[in-house]
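J.: no FASTA, just this:
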């Protein structure tokens, strides 16, 4: 009986590699486990001993899967079955109905395991028919600086951004706050106090063209601005829509209502022209920048400008370090106020994701 059990265990151990997927590297190394997914830039395999491993596709010589994989072609067709990649460089998918089907590497878009395909299909269904609370992603920025001793100063910065994007539209909300105080002379003096927030809605018209509407709110104590309320909209066009670089230009119009602490009230019609740039520097750092100018069509020669820029370095899936700058320029401030206000913050970024 013991001999039979030993032979059975030995047979199971011997057959284990045959029942697992196998990835052969160009340097001759082999890794067995379960192929999870690939976009033909990298391949992810779950190994019993090495855990989940991501491999650059250029290092892969061949794949041999024991379990069925979903192979999505660039034309939208999906082939399901065990996959091998022989020396010819083609994918061979052993389908249950059509037998072995060849597909060139250049025609393959994705490879997914049964579990990964189910997750992908669920995500696609939510993109097609999302609930209001689905698909939100965003971040919270926190910055704090304090000096105690001969000088007593403190600065606190808070920023939040949340976006919900589907195949048809996108909702974006944002909030930024900065407050700085100095009590070195024994009396607490506020040296900076500004709050900015808003919401924007974009609807896709085509792959590159979109329409948008927005509402912005702003308070700035040292510009003597109690409230600036701006509502407007327009059209945008993606000049560049690449994996590393995105450039979007837009234009439109807005209505601006301003309430100042000296009882000045102004209502103005404005044009708007702007651009958004997003650039990924390497694998962990991303730079974003937005510039908008608002020529005033009610008061000739007057205008506003907004400039926002940030650089974010990802340290983990949910934790990053950010540096941000936000500038607001007003050509016709109230008496006693400067034209330009610049906010500069740095600190940690906490990311959240509700796409699943």
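T.: Cool, the structure landed. Just so it is clear, the structure is predicted and the values come from calculations on it, not from any experiment.
J.: This protein - how does it break down into domains?
T.: Domain assignment for the chain by automatic domain parsing gives 2-128, 136-354.
J.: can I get those domains in TSV with mean neighbour count?
T.: Placement of C-beta: from N, CA and C, glycine included. Converted to TSV, the domains of the chain look like this (neighbours: other C-beta atoms under 10 Å):
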stretch	mean neighbour count
domain 2-128	14
domain 136-354	15
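J.: worst average pLDDT in the ones you listed?
T.: Confidence, taken as mean pLDDT, is least for domain 2-128 of these (a mean of 77).
J.: Could you check how far it is from the centre of its chain?
T.: 28 Å (C-alpha atoms, centre = their mean, to the nearest Å).
J.: can you check stretch 273-280 too?
T.: Distance, centroid of stretch 273-280 to centroid of chain: 14 Å (C-alpha atoms, centre = their mean).
J.: who's in contact with that stretch?
T.: Stretch 273-280 has contacts (C-beta atoms under 8 Å, 6 or more residues apart in numbering) with 243-251, 286-293, 295, 306.
J.: if you set the cut-off to 7 Å instead, what comes out?
T.: Here stretch 273-280 makes contact (C-beta atoms under 7 Å, 6 or more residues apart in numbering) with 244-251, 286-293.
J.: Let me know the closest of these to residue 310.
T.: Of all the contacts of stretch 273-280, residue 310 sits closest to residue 288, with 5.3 Å by C-beta to C-beta.
J.: Following element in sequence after the host helix or strand of that closest one, please.
T.: If you go by DSSP states H and E, residue 288 is part of strand 285-295. Next helix or strand after strand 285-295 toward the C-terminus (DSSP H and E): strand 303-314.
J.: so what's residue 176 bridging to?
T.: Beta-bridge partners for residue 176, by DSSP bridges, are residue 159, residue 196.
J.: From the contacts of stretch 273-280, pick the one nearest residue 312.
T.: Among the contacts of stretch 273-280, and counting by C-beta to C-beta, the member closest to residue 312 is residue 286, at 5.3 Å.
J.: Just confirm the closest one contacts residue 312, I think it does.
T.: Yes - judged on C-beta atoms under 7 Å, residue 286 makes contact with residue 312 at a distance of 5.3 Å.
J.: the helices in the protein, which residues?
T.: 2-19, 114-128 (DSSP state H).
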